[in-house]
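[1] below is the sequence, then the predicted model.
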Amino acid sequence: MRPYTPLMLAVAALGSANTQAQSIEELVVIAPRDTRTIDVTEALSIAPDPAQLLHDVPGANVTTNGPITGIPQYRGLFGPRIAVSMDGNQLAPAGPNWMDPPISYAVTAQLEALEVYRGIAPVSVAQETLGGAIDARTRRMDFGDSEAFRSQGRVVGSAQSVNEGYQLDAEFQLANDRHRFRGAAMLQEGEDMAFPSGDILPSSYERQRYDLGYGFRSGRHTLQIDYGYNDTGEAGTPALPMDIDYFEGDILSASYRFDGDDGFAVEARVYGSDLDHGMTNYHLRPPPVSPGLWRQNIATADSFGFQLEAVWETDGGRWRAGLDGFQETHDSNIDNPNNPMFFVVNFNEAEREVYGVYLEHDRDLSDRWSLDLGLRLNRVSTDSGEVDGTPAMMMPPAQALRDAFNAADRSRSETNVDAVAKLSYRYSDSTRFYAGIAQKQRGPMYQERYLWLPLEATAGLADGQLYLGNIELDSERATQFEFGWDWAADRVSMHPRFFYYRIDDYIQGTPLEAMAPATRFVRMMNTNNGMNRADPLQFNNVEAELYGFDMDWSWRLADRWSLGGLVNVVRGERRDIDDNLYRIAPPNLSLRVDYAQGPWSARLETVAYAAQDDVSETNREQTTSGYGVVNLHAAWQANSSLQLALGVENLFDREYAPHLGGYNRVMNPDVGMLERLPAAGVIVFGRVLYTF
């Protein structure tokens, strides 16, 4: 058994001191050596983007390209380098620019927990975990003890001032000893977001989600089937060249579990998604002046995955072995509604498959020493169909790019190895030391390999640069080191970690030669359209490193008062040239003061970010100034079923631009083109939660 250290933190709200079911706003973080399990069952989160919950995790942050397009960042790594799953199931975003990152398909009000694997992730939790792993777990009612059905449900309604946004969520569950049923629905809508000097255009959004689930248990056998339908309407993404017109699609999963004797269990699951996506540069934002520059992109993504795993215990410890697979196919076609002759086949049956096997072993070496080992072997394969487009029929540089791409051997495969070793030493009942070393690998995503024409379909980099793919890319390989300790006394606890990641063959955009076809194409487009786009970058393998420190801590001052907070520092650099990595969060910290008495609770929070001057010249990244904001929340547990909450974010209406926000790509009188997008101004919000 792993040792657990209870740690009380906060998820954007407060703890209620009532001893009944009134710990409504508490975040209980159960911390074995390598995880943070964030209980968000009752979290006071009114943000439409579930990624925002990660601001309360040591080492984590969020890169933001729109109100529902947050991409998790962990210790400076983001995008496909972090494995994000829903109930253990992967999902392939339909948007080539990740307007729908995987975590966006989780519904905050329906979540039970976010499980964040701190630091070096076990090889069993996901296939590629070079940047860590996050699992969003849906709330599910337990089976009962008799044939009589029990029911439970909840309704959540919230509203906020900054964009006149609101969210409604309803859930109902029913279970007895053999069957359980679940149904849920969610509606979100908001207008353009205000900041102290104006409005961010466009930043409106609308989304609906419907979920059904059925579980069956017979003896030691359990079957679970879940279905979700996502319907995202028009939504702004001002840091990207287009806005969301729609996301529609189905998400399915089925799992079977057998629980045997003495800790033996077998679990098998299959899952998949079928997603459709439309985006434009004219329906929400002011359209280009020239009708020839109007663009619409229709994209689809189909995915299928499976996992078979066995767990058993022996006198020597616990073992876990499994095999898994995930395959995805992407299509993306660009056109112009003003010109039926214009088209670009952006991606044509771009395929990516990963098949893996793994083995883990955890054991106690003595009363004080514990060891975790893991080994994974992945086979990563990609391929693409032929491409074409009007530019290739009219412009020699584009024709050269198309012909070279179609003539190339586009099928690529590589075998990647992940290995993990983590050692834990219990110095005393209150102190435990931890050290880990690992090798992690990640194969190129389809955008990095098969982007044949210089475009911005880069999985959400949002740096305003044009990129060209590279079929010849190698897999990234990271050597990871981590050291830290957990200390928990009666009233005080802290959990610091120091880390160093050395990444060989890091995939990064690098400059092209002036005579390269892609460079000549961009310059020709500039001349033809009166534009001034910078020369494109091409995805290539470079050398990089990241290092830093993160910590969460808490101090219970008295029965009613407590302090807590986070400290995060990460530095990302190129090792082959004198440059920094792109979009790295600056040093930041938070300080929280909590008060709770009976049904009342309150929190005063300060969040501060330092200036970020260590920016990527290659990506032409802008520096940002430091800032601090103050938040105030309060909650009243009226009875065991009803809770009312009020709060103010950015209490003093501070105007600032987060470094992890993108650059404005929209004609807006309040924000200059290619300026850093500002954060929201003062936000007054309220929420009603009713459980039954």
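    Now that the structure is in, tell me what you want to look at. Residues are numbered from 1 along each chain as shown.
[2] okay, now the domains of this structure?
    As recorded under automatic domain parsing, the domains making up the chain are 5-136, 137-691.
[3] OK, contacts around the nearest residue to Val345 once chain neighbours are set aside?
    Leaving aside its chain neighbours, Val345 sits nearest to Val387 (4.6 Å; criterion: Cβ to Cβ, 6 or more residues apart in numbering). All C-beta spots, glycine's among them, are computed from the backbone N, C-alpha and C. Residues in contact with Val387 (Cβ atoms under 8 Å, 6 or more residues apart in numbering) are Val345, Asn346, Phe347, Asn348, Arg402, Phe405, Asn406, Trp452, Leu453.
[4] got these as a markdown table, with distance to Asn470 and secondary structure columns?
    Output for those, formatted as a markdown table (distance: Cβ to Cβ, whole Å; DSSP: H, G, I helix; E, B strand; the rest coil):
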| residue | distance to Asn470 | secondary structure |
| --- | --- | --- |
| Val345 | 19 | strand |
| Asn346 | 16 | strand |
| Phe347 | 15 | strand |
| Asn348 | 17 | strand |
| Arg402 | 16 | helix |
| Phe405 | 11 | helix |
| Asn406 | 16 | helix |
| Trp452 | 10 | coil |
| Leu453 | 13 | coil |
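[5] ranking these by neighbours, who comes first?
    Within these, Trp452 tops the neighbour count with 29 neighbours, counted by other Cβ atoms under 10 Å.
[6] check contacts around the closest residue to that residue other than its chain neighbours.
    Of all residues not flanking Trp452 in the chain, Phe405 sits nearest, at 4.2 Å (Cβ to Cβ, 6+ apart). By Cβ under 8 Å, 6+ apart, the contact list for Phe405 reads Glu386, Val387, Tyr450, Trp452, Ile471.
[7] ok, then the element right after the strand or helix carrying Thr222?
    Assigned by DSSP states H and E, Thr222 belongs to strand 221-232. Using DSSP H and E, the helix or strand that follows strand 221-232 in sequence is strand 243-259.
[8] tell me what that following strand is packed against?
    Helices and strands touching strand 243-259, by 3 or more Cβ pairs under 8 Å, 6 or more residues apart in numbering; DSSP states H and E, are strand 221-232, strand 265-280.
[9] tabulate the contacts of Phe405 (TSV), appending distance to Ala635.
    Converted to TSV, those look like this (distance: Cβ to Cβ, whole Å):
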residue	distance to Ala635
Glu386	58
Val387	54
Tyr450	49
Trp452	53
Ile471	54
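[10] nearest to Tyr256 among the residues you listed?
    Tyr450 (35.7 Å; Cβ to Cβ).
[11] what's the burial count for the closest residue to the closest one other than its chain neighbours?
    Nearest residue to Tyr450, sequence neighbours excluded (Cβ to Cβ, 6+ apart): Ser384, at 4.4 Å. Number of residues near Ser384 (other Cβ under 10 Å) recorded here: 24.
[12] same check, this time on Tyr117
    For Tyr117, using other Cβ under 10 Å, the count is 21.
[13] again with Arg556
    By other Cβ under 10 Å, neighbour count at Arg556 equals 17.
[14] same thing with Tyr627?
    20.
[15] distance check, it against Pro678.
    Tyr627 sits 10 Å away from Pro678 when distances are taken as Cβ to Cβ, to the nearest Å.
[16] need the residues touching each of these two.
    Tyr656.
[17] quickly find the element holding Met525.
    helix 517-529.
[18] need the strands for the stretch 301-450 of the chain, in chain order.
    317-336, 339-364, 369-383, 412-426, 431-442 (DSSP state E, counting those that start in this stretch).
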